[in-house]
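Visitor: what's the 3D shape of this:
(chains A and B)
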Amino acid sequence: LAKTTQPISMDSYEGQEVNITCSHNNIATNDYITWYQQFPSQGPRFIIQGYKTKVTNEVASLFIPADRKSSTLSLPRVSLSDTAVYYCLVVGGATNKLIFGTGTLLAVQP
Amino acid sequence: EAQVTQNPRYLITVTGKKLTVTCSQNMNHEYMSWYRQDPGLGLRQIYYSMNVEVTDKGDVPEGYKVSRKEKRNFPLILESPSPNQTSLYFCASRGAGEGREQYFGPGTRLTVT
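Guide: Numbers count the residues shown, from 1 in each chain, chains lettered A, B, ... in the order given. Reported below is the predicted structural model:
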């Protein structure tokens, strides 16, 4: 199982781009990288997933270098409502045993 | 609407009184999980299931039981709850295909006195 390491917290201002990096040194060949957003007392919500290079959807981009030992979630032009905890999670295909890291608390200020 | 439902959403109980938290998904997902979330400890997997009648321990299985008799349901059973099981519990499901997206339920806040 690939464990992940993220910064505990980050601060930003409205309108800025935020990049949150996650380290997953022992990622396996069949593993995908997924990111989740969680607000207090709510279930995590899926944001994006990727295997390699770059993936973009309507809310975020995910950058994965060639060695896949890290990934960076990019949130363009954050707003106050993006204040939340963001989790990076490495997921294999043939197992459902999962280990969430501590997540990154993103605080967006006006 | 694709969703994972949990019941009850809030529960206050006493030590030793058996309880069951239900979880149901309507997406025909093979994989299901239970997590607990405690301040400062993040999300920890309790049990997971790969399909009907296939379950396995996660990181913190002590004091919990699960069953998977039907694909859509994955109840969490606390045979003899203790105060250290006071926590916020989440059920989640995902398909067995290439996508790794998990869908989480709204959570069950359990207090054991």
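Visitor: Which residue would be the closest one in chain A to chain B?
Guide: Shortest chain A-to-chain B distance, computed as C-beta to the nearest C-beta: residue-wise this is A:G43, at 3.1 Å. For every residue, glycine as well, the C-beta is placed using N, CA and C.
Visitor: Now A:T102. Nearest residue, chain neighbours left out?
Guide: Closest residue to A:T102 in three dimensions, ignoring its sequence neighbours and counting by C-beta to C-beta, 6 or more residues apart in numbering or on different chains: B:G42, at 5.1 Å.
Visitor: pLDDT below threshold where in chain B?
Guide: Low-confidence regions of chain B, defined by pLDDT under 70, span residues B:98.
Visitor: which residue is nearest the centroid of it?
Guide: Averaging the C-alpha coordinates of chain B gives a centre point, and the residue nearest to it by C-alpha atoms, centre = their mean is B:W34 (2.9 Å).
Visitor: surely it meets B:K65?
Guide: No. B:W34 lies out of contact with B:K65 (C-beta atoms under 8 Å); the separation is 10.4 Å.
Visitor: Need the overlap of contacts for those two.
Guide: Overlap of the contact sets of B:W34 and B:K65 (by C-beta atoms under 8 Å, 6 or more residues apart in numbering or on different chains) consists of B:L76.
Visitor: Quick check: B:Y47 touching B:S33?
Guide: Yes. Taking contacts as C-beta under 8 Å, B:Y47 lies within contact range of B:S33: 7.2 Å.
Visitor: Nearest to chain A: which residue in chain B?
Guide: Of all residues in chain B, the one sitting closest to chain A is B:F104 (3.1 Å; C-beta to the nearest C-beta).
Visitor: B:D56 reaches A:K97, doesn't it?
Guide: Yes. Assessed by C-beta under 8 Å, B:D56 is found in contact with A:K97 at 7.0 Å.
Visitor: Please enumerate the shared neighbours of these two.
Guide: In terms of C-beta under 8 Å, 6+ apart, B:D56 and A:K97 are both contacted by the residues B:Y48.
Visitor: Could you give the number of residues near B:L110?
Guide: 21 (other C-beta atoms under 10 Å in any protein chain shown).
Visitor: hang on, it is in a strand, isn't it?
Guide: Yes. The secondary structure assignment for B:L110 places it in a strand, going by DSSP: H, G, I helix; E, B strand; the rest coil.
Visitor: Now it. Nearest residue, chain neighbours left out?
Guide: By the measure of C-beta to C-beta, 6+ apart, the closest residue to B:L110 outside its immediate chain neighbours is B:L11, 5.1 Å from it.
Visitor: cool, and B:E79?
Guide: In space, B:E79 comes closest to B:K18 once its chain neighbours are excluded; the distance is 5.5 Å by C-beta to C-beta, 6+ apart.
Visitor: quick revisit: find the residues that touch each one of B:Y47 and B:S33.
Guide: With C-beta under 8 Å, 6+ apart as the test, B:Y47 and B:S33 both reach B:G58.
Visitor: so after the helix or strand harbouring the residue nearest to B:L110, what's the next helix or strand?
Guide: Secondary-structure assignment from DSSP states H and E places B:L11 in strand B:10-13. Proceeding N to C from strand B:10-13, the next assigned helix or strand is strand B:19-25, under DSSP H and E.
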